[in-house]
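A.B. asks: Return a 3D structure for these sequence lines:
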Amino acid sequence: MSATVSASPSRGRRAALVLAILLAALALFLGSSLAGPADTAWAAVATGKPDKPGKPGGGGGGGGTTELEYAAIGDSFAAGTGARSYLDTSCYRSANSYPKLLDADANLRLVAFPACSGASTVEVISQQVPAIPSTARVVTVTVGGNDVGFADVMQNCFVLVTSSCPTVIANGSTIAASSGFATSIRNVVAAAKAKAPGAKVIVTGYPLLFHLNSSGVNAKYAWADEVNVETVKLNDVIETNAVAAGAVFVDAEGPFAGHGIGSSSPWINDWNWLRPKDGFHPNATGYAAYAAALRLVPVP
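C.D. replies: This next block holds a predicted model:
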């Protein structure tokens, strides 16, 4: 009896230690999966369409003279993360991303695609803007979500719900309302315009990730409505400052309406343990909606 009693606490301690190690490893895994690296690995990704025939009146192969040089910068939403058909596993840029879809249009040639999963406004300015050619005529940008803690919110509020959820949401809201964040958005636009003075800079917002009133339908989405509200606030700040800096703003809330997680036809990927990088990002249909909205903006 005494041997059994003394062995039990030992087994309990070992089990607790193993559990703690597993939870720590899981936290690291989730953080990496949701955020992703924000590096300069973009150079390995092919851009444009070298086999595209020239236009009438153009200079022959390679697209002729009627195509406008186009650069796409920003975070995972600019990279196309979530749409699969990935071109790399460092930034998770997708062949189904809105930059690649726009590249297939007759009037644009994607000449720089440094957008990267996990990128913040600071990283876009320091690591991506330098890749924009000075001759670019169109630059698209989606950025800001990582500045306000996108990965932390998703991890603590929807993947493994923790008591930290309301805190990380509040922290993100405070950052989004700060003068520093407003300046960061303006700085991204200013940097892009300085690198390509003749370019039209187009900044997009983010879709609402969850179907409206999801929190009252499924306990899994208890924080969904609050996150949607904060996303609207974030988009408003991005729009105000992007426009003030001389960019055009493209809304994503309207095009995605009725297609959030929990809807009958979602354009946003829910969390999947087998595909963690895709979670809470648009699917291929969602990025097609992004591209359609961007096409409504007249380009030079």
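A.B. asks: helix, strand or coil for residue 140?
C.D. replies: In terms of secondary structure, residue 140 is strand; the call rests on DSSP: H, G, I helix; E, B strand; the rest coil.
A.B. asks: Identify the residues contacting it.
C.D. replies: Residues in contact with residue 140 (Cβ atoms under 8 Å, 6 or more residues apart in numbering) are 70-74, 78, 98-99, 102, 201-204, 294. C-beta here means a position set from N, CA and C on the backbone, and glycine is covered the same way.
A.B. asks: So how do I select the buried members of those in PyMOL?
C.D. replies: For anyone working in PyMOL, the buried entries among these, judged by 16 or more other Cβ atoms under 10 Å, can be selected with:
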select buried, resi 70+71+72+73+74+78+98+99+102+201+202+203+204+294
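A.B. asks: Just the closest of the contacts of residue 140 to residue 109, please.
C.D. replies: Looking at the contacts of residue 140 and their distance to residue 109, the nearest is residue 70, at 6.1 Å (Cβ to Cβ).
A.B. asks: Would you check how far apart that closest one and residue 262 are?
C.D. replies: Relative to residue 262, residue 70 is positioned 34 Å away (Cβ to Cβ, to the nearest Å).
A.B. asks: Repeat that for residue 290.
C.D. replies: Distance, residue 290 to residue 262, using Cβ to Cβ: 20 Å.
A.B. asks: Which of these two has more residues huddled nearby?
C.D. replies: residue 290 (27 against 19; other Cβ atoms under 10 Å).
A.B. asks: just for this protein, where's the confidence low?
C.D. replies: 1-65 (pLDDT under 70).
A.B. asks: hmm, back to that, if you look at the contacts of residue 140, which of them are in strands?
C.D. replies: Among the contacts of residue 140, the ones falling in strands (DSSP state E) are 70-74, 201-204.
A.B. asks: Mind putting these into CSV with distance to residue 300?
C.D. replies: What follows is the ones in strands among the contacts of residue 140, written out as CSV (distance: Cβ to Cβ, whole Å):
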residue, distance to residue 300
70, 11
71, 14
72, 17
73, 18
74, 21
201, 12
202, 12
203, 17
204, 18
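A.B. asks: With respect to residue 153, which of the residues you listed is nearest?
C.D. replies: residue 74 (18.5 Å).
A.B. asks: OK, contacts around the closest one?
C.D. replies: The contact partners of residue 74, by Cβ under 8 Å, 6+ apart, come to 115, 119, 124, 128, 140-143.
A.B. asks: Just give the closest residue to it, not the sequence neighbours.
C.D. replies: Leaving aside its sequence neighbours, residue 74 sits nearest to residue 142 (Cβ to Cβ, 6 or more residues apart in numbering; 4.0 Å).
A.B. asks: Report the separation between that neighbour and residue 223.
C.D. replies: From residue 142 to residue 223 the distance is 23 Å (Cβ to Cβ).
A.B. asks: So between those two, which is more surrounded?
C.D. replies: Neighbour count, other Cβ under 10 Å: between residue 142 and residue 223, residue 142 has more, with 27 against 21.
A.B. asks: Isn't the more buried one up against residue 75?
C.D. replies: Yes: taking contact to mean Cβ atoms under 8 Å, the distance of 6.1 Å between residue 142 and residue 75 places them in contact.
A.B. asks: Mutual contacts of those two, please.
C.D. replies: Taking Cβ under 8 Å, 6+ apart as the contact rule, the neighbours common to residue 142 and residue 75 are residue 115.
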